[in-house]
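Chemist: just need the structure, nothing else, for what follows:
(one chain, ligands or ions: 2)
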Amino acid sequence: MILIKTAEEIELLRASNLLVSKTLAEVGKVILPGVSTLKLDEIAEEYLRDHGGVPGFLGYNGFPATLCTSLNDEVVHGIPSSRELNEGDILSVDCGVKLQGYYGDSAYTFSVGEPSAAYKSLMENTRGALFKGIEMALAGNRLGDIGYAIQNHAEKAGYSVVREMVGHGLGRNLHEEPEVPNYGRRGNGIKLKEGMVFCIEPMINMGTRYIIQDKDGWTIRTTDKKPSAHYELAVAITRGEPDVLSTFGYIED
Ligand code: MG
Ligand code: MG
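Modeler: Ligands and ions are numbered 1, 2, ... in the order given. The predicted structure is shown next:
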């Protein structure tokens, strides 16, 4: 069942998602060579608790941290550790928060120092694919219109779309219906309606789309060890149009 949100609930979701956006920006300030992903996790947890939030991922199905930190060929769900970042790495940081009973969830792929042209292109095209998907989040459109727009953008640029992991509805639960695939056919899938809120989160690979889970039971990485990027924003459908509840503005300004 897809839970339709009231205007008041959407404002609560906006507050949660803006806190996630600000937390990611705090983390982004210290993404530098020599910094451990565990340090980033500490900064995120402290920041969001200081602002009244509770980590949304910590303990979720047993996940052990506030952030998912996924480096280079890791797609999503990487566990923060003492491993240090190196110049030229790319790091996808995914953060969830619960604030006033509602979840925020957003992700951003950062470069450590200056990225190579190839990595930069992967990141720009993944971010671009996300916004192509958001443009299609209109009342009356279908879920497949979003997936198609993302897939078309990514594949035209020569990249592949992870299929096994998808976006999701967002509300009092971190993951609600519907699933929001990053691939699809125009005109297919459920019809989008006023008051729906969901996360759109393309995971785009430089090489093969295929993925494998590490023995840690969490980390997802590409089977060909080529890099992957991941950007995520939460979107409400308000007055028929996409109303983006989270933002990359704090990171990029
Ligand atoms: Mg996320
Ligand atoms: Mg998500």
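Chemist: for stretch 152-169, list every residue counted as buried.
Modeler: Residues of stretch 152-169 classed as buried by neighbour count (16 or more other Cβ atoms under 10 Å): 152-155, 159-162, 165-169. The way it works is simple: take the backbone N, C-alpha and C, and place the C-beta from them, glycine included.
Chemist: ok, now stretch 216-234?
Modeler: 218-222, 226-234.
Chemist: distance to ligand 2 and secondary structure added to those, as TSV?
Modeler: Listed next are those as TSV, based on distance: Cβ to the ion, whole Å; DSSP: H, G, I helix; E, B strand; the rest coil:
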residue	distance to ligand 2	secondary structure
218	15	coil
219	16	coil
220	13	strand
221	18	strand
222	19	strand
226	23	coil
227	20	coil
228	15	strand
229	15	strand
230	9	strand
231	11	coil
232	5	strand
233	10	strand
234	8	strand
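Chemist: the helix ranked longest in the chain - what's its average pLDDT?
Modeler: Determined from DSSP state H, the single longest helix within the chain is helix 7-28. For helix 7-28, mean pLDDT is 98.
Chemist: tell me which residues in the strand or helix carrying residue 119 are buried?
Modeler: Residue 119 is part of helix 117-135 when elements are defined by DSSP states H and E. Buried residues in helix 117-135, counting neighbours by 16+ other Cβ under 10 Å, are found at 119, 121-123, 125-134.
Chemist: same check on stretch 71-81?
Modeler: 71-80.
Chemist: do that stretch and ligand 2 meet?
Modeler: No - Stretch 71-81 lies out of reach of ligand 2 by Cβ under 5 Å from the ion, never closer than 8.8 Å.
Chemist: straight-line length of that stretch, end to end?
Modeler: Taking Cα to Cα, to the nearest Å, the first and last residues of stretch 71-81 lie 11 Å apart.
Chemist: just stretch 29-45 next, same as before
Modeler: OK, stretch 29-45 end separation, Cα to Cα: 15 Å.
Chemist: does that stretch come close to ligand 1?
Modeler: No - using Cβ under 5 Å from the ion, stretch 29-45 stays clear of ligand 1, with a minimum separation of 12.6 Å.
Chemist: tell me which stretches of the stretch 151-253 of the chain form helices.
Modeler: 249-252 (DSSP state H, counting those that start in this stretch).
Chemist: what's the nearest residue in the stretch 101-250 of the chain when you look at ligand 1?
Modeler: Closest approach between the stretch 101-250 of the chain and ligand 1, counting by Cβ to the ion: residue 105, at 4.2 Å.
Chemist: sorry, back to before: which one of the buried residues of stretch 216-234 is nearest residue 5?
Modeler: Of all the buried residues of stretch 216-234, residue 5 sits closest to residue 234, with 11.1 Å by Cβ to Cβ.
Chemist: report the contact partners of the closest one.
Modeler: With contacts defined as Cβ atoms under 8 Å, 6 or more residues apart in numbering, the neighbours of residue 234 are 13, 17, 104-106, 170, 197-199, 244-246.
Chemist: look at the residue in the stretch 151-253 of the chain that ligand 2 sits nearest to and say how many residues are nearby.
Modeler: Taking Cβ to the ion as the measure, the stretch 151-253 of the chain has residue 199 as its residue closest to ligand 2, at 4.2 Å. Using other Cβ atoms under 10 Å, the number of residues around residue 199 comes to 26.
Chemist: I am finished for the moment; much appreciated.
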